[in-house]
Every structure is written in structure tokens, then in C-alpha cells.
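**Student:** Structure of the sequence below:
(2 chains)
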Amino acid sequence: DAKTTQPTSMDCAEGRAANLPCNHSTISGNEYVYWYRQIHSQGPQYIIHGLKNNETNEMASLIITEDRKSSTLILPHATLRDTAVYYCILKGYGQNFVFGPGTRLSVLP
Amino acid sequence: NAGVTQTPKFQVLKTGQSMTLQCAQDMNHNSMYWYRQDPGMGLRLIYYSASEGTTDKGEVPNGYNVSRLNKREFSLRLESAAPSQTSVYFCASSDRPGSFDEQFFGPGTRLTVL
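**Tutor:** Numbering: from 1, shown residues only, chains lettered A, B, ... in the order given. Modelled structure (predicted):
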């Protein structure tokens, strides 16, 4: 059974922020939230991960709600090269990654 | 630093043929993984090797075998290919077994079984 729920697809205008939601209402206390993306059937690429605090790196920001039941990946200025499938994944220590179908983000010119 | 490399990039087999997919990483990672991805689906874990000398089954191991040849290399073998094994195969590696380290993926092998 999927541990996360994501919209099937989303559109975003080039240059605008892309906000990708993820619901994980059954998250356990030791599970981190990870985001990966897959561009045009290439191998998945790691973006960011977090436990309960918001995180930011050079690619994106991750906002996790206080109850940890949902999160949002933010790409601050989406470009055409950000068009990809984005995967939200929960992972605890010793567990393997489980990839669901993800969200297909289309960045439109 | 090539990261994770996979060979071949493309392969067509007939039902019943065998083949080995090769994967190598140059990041000195301990753990390596094999996934398959069917059209429109997420990745599913076939086998993994937490460290050199160990291998474990993932979600969909039937019809496959693996060998962790050394710390760098992890191969996936199809002994008798079936059309249901038509898929894209990705190899990945990470540093510490079971940790929260991210995984690094190879470019994939596109396999068609006729």
C-alpha cells in the first residue's frame, strides 16, 4: 500500500514557483520525507529530504507541516528543465525506498 | 568521477534467453540496488546488497539473480527471460547501509523481451 499520496499531474508557468504537495498521514516518528525527480526516463535524481524542520538547498525547499502528515516541495523559479516526475517517499532507518507513481510536473513556457 | 554506470543501455532478447546486466559505481559506496520501472509506474526494488558479500530480496525478486562481485560491481542476471520482464532497469548505490543517505542512480538499461 502506498504510504504517500500525490497528485497525478500539475502544470506550472516558467519562472513561477512550483509547489508540489504530498500527503503522508500515516508517517511514523522515525520516517524521513524524501523527494526525488526523474527527467524523461533518466535515473531518478535526489532533491532533498527532511524529518520535521523545513529544509532548503540549492535545488528546492521542503516544507513539512507541524503534525508531519503532509509536506510541500517548492521549486522557487521553475524552468523548462524542471519538467519531470517528482516522487515523494517516506523512509525510516533500515528501510528501502519505495517509489510510487509520483507527480508529473509540466513547466510551460 | 562517473558515478553509477550501467551496461548495456539497450537490449532485445527472445523469450528463454539469458543475460546479465552490469552495474558499477566509483563512489566507494557500500550499498547497491537494482530496480525495475514499467511504463507509467514508479520504481520497484528487485534486489539489493547492503554491503560487499551480502544480497537480499526486494519487492519483486522472482526471475532474477544478483551477484555482488566486489565493492564496485553489482550484476543482475535473467536466467530465462520472459516478456513480463520487459522494463527499464536502474542500478543505484548509497554510502551507508540502512542509513538516511540518498541513493545515486545510473542511466538505466532498456530491456525488451520478445
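**Student:** residues in chain A within reach of chain B, list them.
**Tutor:** Residues of chain A lying close to chain B (C-beta under 8 Å from any C-beta of the partner chain) are A:32, A:34, A:41-46, A:49, A:87, A:91, A:93-102. To be clear about C-beta, it is placed using only N, CA and C from the backbone, and glycine gets the same treatment.
**Student:** quick one, strands of the chain?
**Tutor:** Defaulting to chain A. Assigned strands in chain A, in chain order: A:9-13, A:18-23, A:32-38, A:45-50, A:55-56, A:61-64, A:70-75, A:84-91, A:103-108 (criterion: DSSP state E).
**Student:** The intended chain is chain B.
**Tutor:** Along chain B, the segments classed as strands by DSSP E run B:4-7, B:10-13, B:19-25, B:31-37, B:43-49, B:56-57, B:65-68, B:74-78, B:87-94, B:104-105, B:109-113.
**Student:** Give me the angle between the fifth one and strand A:84-91.
**Tutor:** Spelled out, it's strand B:43-49. Between the axes of strand B:43-49 and strand A:84-91, defined by axes from the mean of the first three to the mean of the last three C-alpha atoms, to 10 degrees, the angle is 50 degrees.
**Student:** still on that earlier bit, kindly reformat the strands of chain A as a markdown table and extend each row with mean neighbour count.
**Tutor:** As requested, the strands of chain A are arranged in a markdown table below (neighbours: other C-beta atoms under 10 Å in any protein chain shown):
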| stretch | mean neighbour count |
| --- | --- |
| strand A:9-13 | 14 |
| strand A:18-23 | 20 |
| strand A:32-38 | 22 |
| strand A:45-50 | 18 |
| strand A:55-56 | 15 |
| strand A:61-64 | 19 |
| strand A:70-75 | 20 |
| strand A:84-91 | 23 |
| strand A:103-108 | 17 |
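**Student:** got JSON lines for those strands, with mean pLDDT too?
**Tutor:** Output for the strands of chain A, formatted as JSON lines (pLDDT from 0 to 100):
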{"stretch": "strand A:9-13", "mean pLDDT": "97"}
{"stretch": "strand A:18-23", "mean pLDDT": "97"}
{"stretch": "strand A:32-38", "mean pLDDT": "95"}
{"stretch": "strand A:45-50", "mean pLDDT": "95"}
{"stretch": "strand A:55-56", "mean pLDDT": "96"}
{"stretch": "strand A:61-64", "mean pLDDT": "98"}
{"stretch": "strand A:70-75", "mean pLDDT": "97"}
{"stretch": "strand A:84-91", "mean pLDDT": "95"}
{"stretch": "strand A:103-108", "mean pLDDT": "97"}
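**Student:** Take those strands and lay them out in TSV including distance to B:Y35.
**Tutor:** As requested, the strands of chain A are arranged in TSV below (distance: least, C-beta to C-beta, whole Å):
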stretch	distance to B:Y35
strand A:9-13	22
strand A:18-23	20
strand A:32-38	11
strand A:45-50	14
strand A:55-56	25
strand A:61-64	23
strand A:70-75	21
strand A:84-91	12
strand A:103-108	19
